[in-house]
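>>> Predicted model and sequence below, questions to follow.
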Amino acid sequence: MTRPLSRRALLGATVGGLALASGLSGPAVGAGRPRSAVGPEPYVPLAVGAGGGPAGTDRVHVLKVGPDRAHTVLVLVPGFFGAANDFRQLARDLVASVPGVQVWAVDRREENLADRSGFATADPAAYYLDGHYRSQDPAASAFAARWGLSRTLEDLDTVVRTASCGGRRRVVLGGHSWGATTAMTYAAWDFDGRPGHRELTALVLIDGGVRGSFDGTGDPIHNAPEEVRERLAAIDGGAVFDLTLSGVGLGDRAESTQIWYQLAGRYAHTDPAGRSVLQPRMPDALRPPVPVTNAGLLGALVDAGFGWPNVISVHSGRLAESVDVRGWVDTGITPLSRVAAGYAGGPTPAVWEWYWPARLSVDLDVADPYADSDLARSLGLRLFHTQALDTPLYAFQTSYAKGTIVSATREVVADSRVPYAVYETDDGMNHLDPLFAAPAHNTLIHTLAPFLAGLR
């Protein structure tokens, strides 16, 4: 969903914000604009190269939104711990706004490791919180040490070339946060003499990129040679999955936080006004100090007003004043119902990936300078075509990186053959707002739609 954020930033998001917001009052819970019919939204597997993982992992999945007859396919890559359902709401709105466009939201191969079957049961909270699900043991996952950027881009190349349908359709490649970084590295990658950008009509960067795009967040890139050696040694020692999200405080496994958020989304989606199923089971430090509904609990976990960092929050609303149980009031640009629908999943696709390979984090940090360096080559990163990049480019930034998304992208464009670029900013948005905001208030949709419509 995002690029990595510091453990300190995650641990700073605590119940203090909940206490501040709990006394707010307001009207009844709002709702997002009813979506227009967009037809079936298949979630389909694509076979990819062997990666050494368990049976069934040599594939990626694509969530398709929009008509199969579309002449342009926008392939979107989720960011750090992100998954395909990040983009369902956005995809529907884009398809409704731009005729002739289909959106493909990508799930990486590591999504096959997650046991999401419990979300199809009558009591998903019991299935997951009582430990009945299958957890991926890092000690039995040495294969994931090789699931870095090279593996990810080879898989993504399968998606892009499938989307092009033998060159009969235009393919626009984009992504959110580190997904935007991934899209940029694909464009510069050398696929046995074939530059990745030759497969593309355009690039779309949503609050992410390369060349210091994230500098404004205050969370530095960790790509000094000594740091890289230490990180690779840790991976070789068995730390194959990134544990950043364990810093939220909802559990110490790689997948713990993601499970809690999907559960919160599921109950907020199916029974928003009901008393929270999860509140009694939450860790003390994160449990809301007043009784809340299912919608109220999800709001407390995702809204910026509750102390969560920009990187994992939206502008949704507040808890309502109530005698007994506090519901949710929509006052922001992102209706909670849209967040709930995304986080609820189906059981698949989901919003958050469970098992992010630590090697992929290392490789993306090393790729950030967007240059064919000795360090990049030592890791097998084939960034040979950065200056030859010749596709139109769209870049959108929120308040997240304080302006460095666009400034860094301008540097990339200046050092390439990009024929034209569009830069857009909305400082009223947090990092996740562009994915879920109501269409009427989503600057990303208002500016990306004409860019897509104008491609030739």
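Looks like it came in fine. Residues are numbered from 1 along each chain as shown.

>>> can you map out the strands along this protein?
Using DSSP state E, the strands assigned to the chain run over residues 43-47, 59-65, 72-77, 101-107, 170-176, 190-191, 194-195, 202-206, 317-319, 328-330, 393-397, 421-425.

>>> Out of these, flag the one nearest Q387.
Among the strands of the chain, the nearest to Q387 by C-beta to C-beta is strand 194-195 (10.7 Å). C-beta: built from backbone N, CA, C; applies to glycine.

>>> From the rest of the structure, what touches the closest one?
With contacts defined as C-beta atoms under 8 Å, 6 or more residues apart in numbering, strand 194-195 is touched by 187-189, 384-385, 388.

>>> Please list only the buried members of these.
The neighbour count (16 or more other C-beta atoms under 10 Å) marks 187-189, 384-385 as buried among the contacts of strand 194-195.

>>> between those, which is closest to L455?
A187 (15.4 Å).

>>> mind listing what P434 touches?
90, 176, 206-207, 396, 398, 426, 442-444.

>>> Narrow those to those in helices?
Members of those lying in helices (criterion: DSSP state H): 90, 443-444.

>>> one step back: relative to G342, which of the contacts of P434 is nearest.
Set against G342, the nearest of the contacts of P434 by C-beta to C-beta is L90 (9.4 Å).

>>> residues touching G403, list them.
G403 makes contact with 216, 397, 425 under the criterion C-beta under 8 Å, 6+ apart.

>>> 10 Å instead, please
215-216, 397, 425, 427 (C-beta atoms under 10 Å, 6 or more residues apart in numbering).

>>> Which one, of the strands of the chain, ends up nearest to D157?
strand 190-191 (6.0 Å).

>>> Pull up the pairing partners for that closest one, direction included.
strand 194-195 (antiparallel) (DSSP bridges).

>>> as a whole number, average confidence for the partner strand?
Mean pLDDT, computed over strand 194-195, is 98.

>>> Stretch 202-212 now?
Throughout stretch 202-212, pLDDT has a mean value of 98.

>>> Now do the buried residues in that stretch.
202-212.

>>> what do you get for stretch 367-379?
Residues 367-372, 376, 379 are the ones in stretch 367-379 that count as buried (16+ other C-beta under 10 Å).

>>> Check whether D427 really touches F396, as I assumed.
No: when contacts are counted by C-beta atoms under 10 Å, D427 is not listed as touching F396 (11.7 Å).

>>> And those two? Which one has more around it.
F396 (27 against 12; other C-beta atoms under 10 Å).

>>> List the residues that contact the more buried one.
Here F396 is in contact with 174, 176, 180, 204-208, 405-406, 409, 422-426, 429, 434, 443-444, 447-448, 451 (C-beta under 10 Å, 6+ apart).

>>> do you know how far it is from E226?
Distance, F396 to E226, using C-beta to C-beta, to the nearest Å: 35 Å.

>>> likewise E411?
26 Å.

>>> How about F306?
38 Å.

>>> again with D363
D363 sits 17 Å away from E226, going by C-beta to C-beta.

>>> Which of these two has more residues huddled nearby?
The neighbour comparison of D363 against E226 (other C-beta under 10 Å) goes to D363, with 26 against 7.

>>> pretty sure that one is touching L149, no?
Yes: between D363 and L149 a contact is recorded at 3.5 Å, counting by C-beta under 10 Å.

>>> Identify the contacts common to these two.
With C-beta under 10 Å, 6+ apart, D363 and L149 have common neighbours 182, 185, 357, 376, 379-381.

>>> Just the buried subset of these, please.
Judged by 16+ other C-beta under 10 Å, buried ones among the shared contacts of D363 and L149: 182, 185, 357, 376, 379, 381.

>>> Show only the entries of those found in helices.
182, 185, 376.

>>> Same list (those) but as TSV, adding distance to A50 and pLDDT.
Converted to TSV, those look like this (distance: C-beta to C-beta, whole Å; pLDDT from 0 to 100):
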residue	distance to A50	pLDDT
T182	21	98
T185	22	98
A376	24	98
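
>>> show me what contacts the residue nearest to N112 when sequence neighbours are not counted?
If the residues on either side of it in the chain are set aside, N112 comes closest to T57, at 4.4 Å by C-beta to C-beta, 6 or more residues apart in numbering. Residues near T57 by C-beta under 10 Å, 6+ apart: 48, 50-51, 109-113, 143-144, 147.

>>> Could you identify the pair within those that is furthest apart?
Using C-beta to C-beta, the pair of the contacts of T57 lying farthest apart is A50 and E111, separated by 17.1 Å.

>>> Give me the more crowded residue out of those two.
Neighbours around A50 and E111, counted as other C-beta under 10 Å, are more numerous at E111. The numbers are 23 against 7.

>>> which residues sit against stretch 114-133?
83, 107, 134-136, 251, 255-256, 258-260, 262-267, 277-278, 281-282, 344-350, 352-355.

>>> Could I have the buried ones of these as PyMOL selection syntax?
To isolate the buried ones among these in PyMOL, judged by 16+ other C-beta under 10 Å, type:
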select buried, resi 83+107+135+136+251+255+256+258+259+260+262+263+264+265+266+267+277+278+282+344+345+347+348+349+350+352+353+354+355
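
>>> P309: how many residues sit nearby?
P309 has 20 neighbours, counted by other C-beta under 10 Å.

>>> any idea how far H176 is from it?
16 Å.

>>> ditto for G305
Counting by C-beta to C-beta, the gap from G305 to H176 is 22 Å.

>>> Compare the two (neighbour count), which wins?
More neighbours surround H176 than the other of G305 and H176, with 32 against 20 (other C-beta under 10 Å).

>>> what's the spacing between that one and D93?
15 Å.

>>> quick revisit: tell me the one of the contacts of G403 nearest A295?
Minimum distance to A295 across the contacts of G403 is 27.5 Å, recorded for D427 (C-beta to C-beta).

>>> Just give the nearest non-adjacent residue to the closest one, would you?
The shortest distance from D427 to any non-neighbouring residue, by C-beta to C-beta, 6+ apart, is to S399 (4.5 Å).

>>> Let me know whether the one you found touches N310 as I believe.
Yes: shown here, S399 and N310 form a contact pair, counting by C-beta under 10 Å, at 6.4 Å.

>>> Are there residues contacting both of those two? Which ones?
Joint contacts of S399 and N310 (C-beta under 10 Å, 6+ apart) are 304, 429-431, 433.

>>> From H71, how far off is R168?
With C-beta to C-beta as the criterion, R168 and H71 are 8 Å apart.

>>> Give me the more crowded residue out of those two.
Applying other C-beta under 10 Å to R168 and H71 shows that H71 carries more neighbours, namely 14 against 7.
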